[in-house]
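Visitor: predicted coordinates and the sequence they were generated for:
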Amino acid sequence: MDLEKPSAARPAPAARPAPAPRAEGCLAVAIRLPVRIVVLVLVVPVRMVWDALVVGGRILRDVLLRPLGRALGAAIGWLARALFVRPWVALWRYAVLPAGTLLARIGRVLLVVPAVWLYRTVLTPLGHGLARAARAIRTVLVRLFTGTAAVLGWFLGGVVALCGRLLGGLVVACAWVYARLLTPVGRVVARVLRALGTVLAAVAFGAFTAAAWLARYLLVVPAVWLYTRVLTPVGRAVALLAGGFARIVRMILGGLGAALYWTARVLLVLPALVVWRRVLVPVGRVVAVVAREIGEALGHAWRIAGYVSLVVGRFLARLFRWTFVEPARWAHRTVLTPVGHAVRDLVLRPAGQAARAVGRTARQTLEAARDGARQARADLRRMLFGPPAEPRPVARREPAAGETRTLGSSTTALMKD
């Protein structure tokens, strides 16, 4: 619902145009009425049977299957708890937990207490002694290493000085040999190698020139003549022959393709087109009209059959109510209710009170037996392991109940004394 008025700035939305009526021919009008009558006659029993099955299925689900499923689920749950949960809970509570507590106490007495005593009385003093011995040995080793390092430094300083003097003399001797011997010999060798290189370059240039002249007149000139005078005319002749042969083959294949195309068009395409246009399209339109009318008739018949089935169902329900429900309600209200109240007041209520009294007595007996068993277990535990250790008081930095906090006292970790 639009509660706002259309403003001038926002124009009102235009109404949707009504759909144009569908054009129908005389064939559709002639087929519609008999098809709908026949379909209605056939669909009404099916719809009534379907509605009866639906109602029966709902009644069966609500009256039988759902309570049966709930009862079955409750029975399976109770059976599963009785067979699996309760035995394991009882085993854990009455066997595993006491056995575990007993084993923990035995392990504490046999393992933890001796281990703590051994750590406090033997390992801790032994560790302190070993630590002091290690510190003394470390001090001795540091002093010994310091003295040895000083001696080695003095010795290595003398060796380095001697090696420096020897290297200085060797450098002076090498400089004299380089200046007086190696420099003149190198200059002479360089001049000899320069002259030899000039001679070898002249010889190589002459040999390369002769090889180039021979390669030109023995290979290049004959190859150019052969390509120009022999291979070029032969290639052109072969190309002309190949082009003529390709044109002939193209003409032959074009003629064959045209003949096959027209043959297939005349023998296959044109008859198929005539059959499609003159036979299949009209038959398809008639079949489409018949199928559409049958579908619409089925829809109308199914809705009308639903109304008919609803009326018949209401009539049967009202008849069943007048025939069975109202007499049963009258009998329940006028006969069974007073009798049930009398049975409840005279029989069931006293029986229930007696049963509750018996149950109360049984519960009190079981509580007394459970208290006796608990006291017996506590006495046995006290006889085996002694009385339980009393909790030690812990010194707390919190002020007492009567005291108050002041600026000079605090209970935080940063302000503790």
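Guide: Arrived safely.
Visitor: C-alpha from now on. contacts and neighbour counts both.
Guide: Fine.
Visitor: average pLDDT for whichever strand or helix holds T124?
Guide: Taking DSSP states H and E as the criterion, T124 maps to helix 124-177. Averaged across helix 124-177, the pLDDT comes to 79.
Visitor: now do it: which elements does it pack against?
Guide: On a contact count with 3 or more Cα pairs under 8 Å, 6 or more residues apart in numbering; DSSP states H and E, helix 124-177 meets no helix or strand.
Visitor: just checking, next helix/strand downstream of that helix?
Guide: Later in the chain than helix 124-177, the nearest helix or strand by DSSP H and E is helix 183-215.
Visitor: that next one: how far from the chain's middle?
Guide: Remark: helix 183-215 is offset 81 Å from the chain centroid, using Cα atoms, centre = their mean, to the nearest Å.
Visitor: one more: stretch 69-76?
Guide: Counting by Cα atoms, centre = their mean, stretch 69-76 is centred 36 Å from the centre of its parent chain.
Visitor: now do stretch 147-160
Guide: Relative to its chain's centre, stretch 147-160 lies at 71 Å (Cα atoms, centre = their mean).
Visitor: what does stretch 322-333 give?
Guide: Using Cα atoms, centre = their mean, the mean C-alpha position of stretch 322-333 is found 61 Å from that of the whole chain.
Visitor: now swap in stretch 152-164 and tell me
Guide: For stretch 152-164 - counting by Cα atoms, centre = their mean - the centre lies 74 Å from the chain centre.
Visitor: same question for stretch 102-122.
Guide: Computed by Cα atoms, centre = their mean, the chain-centroid distance of stretch 102-122 equals 50 Å.
Visitor: same question, stretch 140-155
Guide: A distance of 68 Å separates the centroid of the chain from that of stretch 140-155, by Cα atoms, centre = their mean.
Visitor: quickly note the distance from W262 to L270.
Guide: Distance, W262 to L270, using Cα to Cα, to the nearest Å: 10 Å.
Visitor: apologies, that question was intended for W154.
Guide: For W154, the distance to L270 - Cα to Cα - is 121 Å.
Visitor: equivalent analysis for G164, please.
Guide: The gap separating G164 from L270 is 116 Å, by Cα to Cα.
Visitor: please apply the same query to A258.
Guide: The spacing between A258 and L270, counted by Cα to Cα, is 16 Å.
Visitor: got it, and R318?
Guide: Taking Cα to Cα, one finds R318 at 70 Å from L270.
Visitor: ditto for G359
Guide: Remark: distance between G359 and L270 (Cα to Cα) = 102 Å.
Visitor: R250 too?
Guide: Separation of R250 from L270 (Cα to Cα): 28 Å.
Visitor: repeat for D51
Guide: On the measure of Cα to Cα, D51 and L270 end up 55 Å apart.
Visitor: and those two? Which one has more around it.
Guide: Per other Cα atoms under 10 Å, whichever of D51 and L270 has more neighbours is D51, with 17 against 12.
Visitor: can you map out the helices along the stretch 1-150 of the chain?
Guide: Secondary structure of the stretch 1-150 of the chain (DSSP state H, counting those that start in this stretch): helices at 26-60, 66-80, 86-91, 97-107, 113-118, 124-177.
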